[in-house]
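1. fold the stuff below for me.
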Amino acid sequence: MIDELNQPNKKSQFLPFKYPNFGKLLTGQLISNIGSQFSYIAILWLVWDITGDIFAMALLSIAQAIPMLLLGPWAGVIVDKVDRKYAMALADLAQGSVIIIIPLTAGLPDPIRLWWILGVAFCNAAFARFFYPARGASIPKMIDDKKDLLAANSLSVGTYQVSVLIGPMIAGLVIGSIGYEIPFFIDALSFFISAIFILWINISLKADDPSTKNPIEDLILGGKYIIGFSPLLYILVLFSMLMFAGGASMILIIPYLELSHGLTEQGIREIIFGIMSSGSAAVGVTIAILLSRKKRISKPITLITWTSFLAGIILVIFGAAPNLWIVGIAWIGFGAIEVFIGIPLQTIAQETVPDRLRGKIFSFINLSITAAQIIGMGIVSVIASTPIGIRGSLILNGILLVIFFAFGLIFLKKKHFEKLVDIRRNEFQERLNMVQT
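-> Predicted structure coming up:
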């Protein structure tokens with residue numbers, strides 16, 4: 001007999017109630033995301049205060065990105081072979097345990113403390129590599145009705161936006177009032193609570209037909225799938241380019257606010273940055289709610305391409321902004337960009353990739369994006385240190401995005417990506433119907 005708790009609540013249309021196990025994942029995700037915003041703000045300003053060096057900011061981002069290159073694909077192979085519930089819970093527990101180290105380094109000399117912070121950032125990112133592909137692969141297993149999948153992903157992305165709406169502003173107040181140490185303890189506690197909610201999920205999240213191949217063969221299988229499915233490969237190239245020019249430029253946000261806009265007073269600068277991030281998240285939450293009311297995006301690849309093109313324009317405005325008001329408006333625009341791209345991408349991957357490959361595919365997506373980001377970080381940090389400066393680097397990257405995605409729009413018209421995606425979507429629905437019957 002199947003436990004009634006495993007069955008969706010047909011009387012409720014609110015997805016966390018309709019699918020209780022999804023609600024548990026969502027609640028844990030919301031709590032840990034809010035906590036992570038505290039440590040995200042704290043670690044950025046802490047490294048900048050210790051070094052005052054753009055290259056150190058780049059090192060921090062690279063330390064957080066390298067684990068994706070080393071572990072990303074292998075993490076996907078592992079989460080496709082185990083119960084993904086335990087992979088997510090263990091990742092949360094590990095991240096919560098390691099982040100506590102940072103406040104314990106407060107008495108160390110700045111150069112030594114910096115290396116400890118970089119080491120913790122590396123380890124934290126390494127453990128997170130197992131969480132994200134497991135989460136992306138697990139959501140379809142908790143949503144019985146395929147028509148609810150877009151709404152589920154919208155809520156998943158929306159919880160992150162809510163955390164950005166709440167977390168940075170409160171974190172700014174906490175850091176400005178009592179220093180950098182407490183936010184890291186708050187983040188650790190949030191990870192532990194998230195692990196409890198995930199372990200409370202009472203269904204198996206293991207792949208329906210886990211591969212029996214060895215890890216190398218599994219890795220090759222995932223790579224072949226992406227290369228063989230041109231719409232997914234196209235999106236991957238777009239996303240990688242967006243992170244190369246746009247995402248990498250975000251390492252400049254702290255020195256940009258201080259050096260180009262005179263935001264130097266501790267306490268005030270953290271609060272303003274928190275308000276900017278909260279405004280961006282408010283737009284993201286609104287868009288996520290609107291998308292959660294839709295059953296399907298008819299042309300998701302077209303939406304992703306146009307949104308990426310818009311990202312380039314916003315980045316140019318961001319770099320050329322004459323005052324903090326324009327900077328804030330452009331930053332808020334990025335909140336909309338992230339949601340408009342993230343939700344369709346995750347939904348396409350879930351609807352077009354077989355369950356046994358989802359963890360690997362999500363890992364490959366993250367790997368490609370991160371590799372592009374690391375390369376971009378190196379180039380951006382070098383350009384920003386030349387006479388072109390931070391402003392010139394941001395504007396140049398924005399122009400690069402506009403040109404690249406203009407070609408993407410032309411290329412999109414000559415292909416039939418949307419039809420190919422619809423074919424895979426229909427196959428996904430047929431497999432789901434067979435399982436349910």
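
2. which residues does residue 231 contact?
-> Applying CB atoms under 8 Å, 6 or more residues apart in numbering, one finds that residue 231 lies in contact with 301, 348, 352, 417, 418, 420, 421. Where you see a C-beta, it was placed from the backbone N, CA and C, and this is true even at glycine.

3. which of those residues lies closest to residue 319?
-> residue 301 (27.9 Å; CB to CB).

4. which residue is the nearest non-sequential neighbour of the closest one?
-> residue 417 (4.8 Å; CB to CB, 6 or more residues apart in numbering).

5. any of the contacts of residue 231 buried? List them.
-> Buried members of the contacts of residue 231, counted by 16 or more other CB atoms under 10 Å: 301, 348, 352, 417, 420, 421.

6. Three-state assignment for the second one, please.
-> Taken by DSSP: H, G, I helix; E, B strand; the rest coil, the conformation at residue 348 corresponds to helix.

7. that one against residue 229, yeah?
-> No: counting by CB atoms under 8 Å, residue 348 does not reach residue 229; the two are 9.9 Å apart.

8. shared neighbours, the two?
-> Counting by CB under 8 Å, 6+ apart, nothing touches both residue 348 and residue 229.

9. re the thing from before, show only the entries of the contacts of residue 231 found in helices.
-> Among these, the members falling in helices (DSSP state H) are 301, 348, 352, 417, 418, 420, 421.

10. closest to residue 36 among those residues?
-> residue 348 (25.7 Å).

11. tell me which residues touch the closest residue to the closest one other than its chain neighbours, please.
-> Distances taken as CB to CB, 6+ apart put residue 300 closest to residue 348, at 5.7 Å, once the chain neighbours are dropped. Contacts for residue 300 (CB under 8 Å, 6+ apart) come out as 344, 345, 347, 348, 418, 421.

12. pLDDT below threshold where in the stretch 251-400 of the chain?
-> The stretch 251-400 of the chain contains residues with pLDDT under 70 at 251, 266-267, 270, 335.

13. would you map the strands across the stretch 1-150 of the chain?
-> Shown for the stretch 1-150 of the chain, no strands are assigned by DSSP state E, counting those that start in this stretch.

14. list the buried residues for the helix or strand hosting residue 305?
-> Per DSSP states H and E, residue 305 falls inside helix 300-320. Residues 300-302, 304-319 are the ones in helix 300-320 that count as buried (16+ other CB under 10 Å).

15. over to stretch 262-282?
-> Buried residues in stretch 262-282 (16+ other CB under 10 Å): 263, 269-274, 276-282.

16. return the subset of these lying in helices.
-> Filtering those for helices - DSSP H - leaves 269-274, 276-282.

17. which of the residues you listed lies closest to residue 240?
-> residue 280 (22.3 Å).

18. tell me who's in contact with that closest one.
-> Residue 280 touches 164, 331, 332, 333, 334, 335, counting by CB under 8 Å, 6+ apart.

19. quick check: pLDDT value at the first one.
-> It stands for residue 164. We have a pLDDT of 76 for residue 164.

20. that one against residue 279, yeah?
-> No: using CB under 8 Å, residue 164 is not in contact with residue 279; the gap is 9.7 Å.

21. export stretch 38-55 as CSV, just CAs?
-> Output of stretch 38-55 as CSV, limited to C-alpha atoms (Å, rounded to 0.1, in the frame of the first residue of the first chain):
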residue,chain,number,x,y,z
PHE,A,38,23.9,36.8,4.4
SER,A,39,27.3,35.1,3.8
TYR,A,40,27.3,36.2,0.1
ILE,A,41,27.1,39.9,1.1
ALA,A,42,29.5,39.4,4.0
ILE,A,43,32.2,37.6,2.1
LEU,A,44,32.2,40.1,-0.8
TRP,A,45,32.7,43.1,1.5
LEU,A,46,35.1,41.2,3.8
VAL,A,47,37.5,40.3,0.9
TRP,A,48,37.3,43.9,-0.4
ASP,A,49,38.0,45.4,3.0
ILE,A,50,40.9,43.0,3.5
THR,A,51,42.6,43.6,0.1
GLY,A,52,41.0,46.6,-1.7
ASP,A,53,42.1,44.7,-4.8
ILE,A,54,40.0,43.9,-7.9
PHE,A,55,42.2,40.8,-8.5
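
22. ok now that stretch, how far from the chain's centre?
-> The chain centre lies 20 Å from the centre of stretch 38-55; the measure is CA atoms, centre = their mean, to the nearest Å.

23. rounded mean pLDDT for that stretch, please.
-> 82.

24. can you mark which positions in that stretch are buried?
-> In stretch 38-55, counting by 16+ other CB under 10 Å, buried: 38-48, 51, 54.

25. and what of stretch 220-240?
-> Applying 16+ other CB under 10 Å to stretch 220-240 flags 222, 225, 226, 229, 231, 232, 234, 235, 236, 238, 239, 240 as buried.

26. pLDDT (mean, whole number) over it?
-> 83.

27. pretty sure residue 22 is touching residue 16, no?
-> Yes: using CB under 8 Å as the test, residue 22 is close enough to residue 16 to be in contact (6.3 Å).

28. these two: who's more crowded?
-> residue 22 (24 against 18; other CB atoms under 10 Å).

29. list the contacts of that one.
-> Per CB under 8 Å, 6+ apart, neighbours of residue 22: 15, 16, 139, 142, 143, 152.

30. how close does residue 276 get to residue 263?
-> 10 Å (CB to CB, to the nearest Å).
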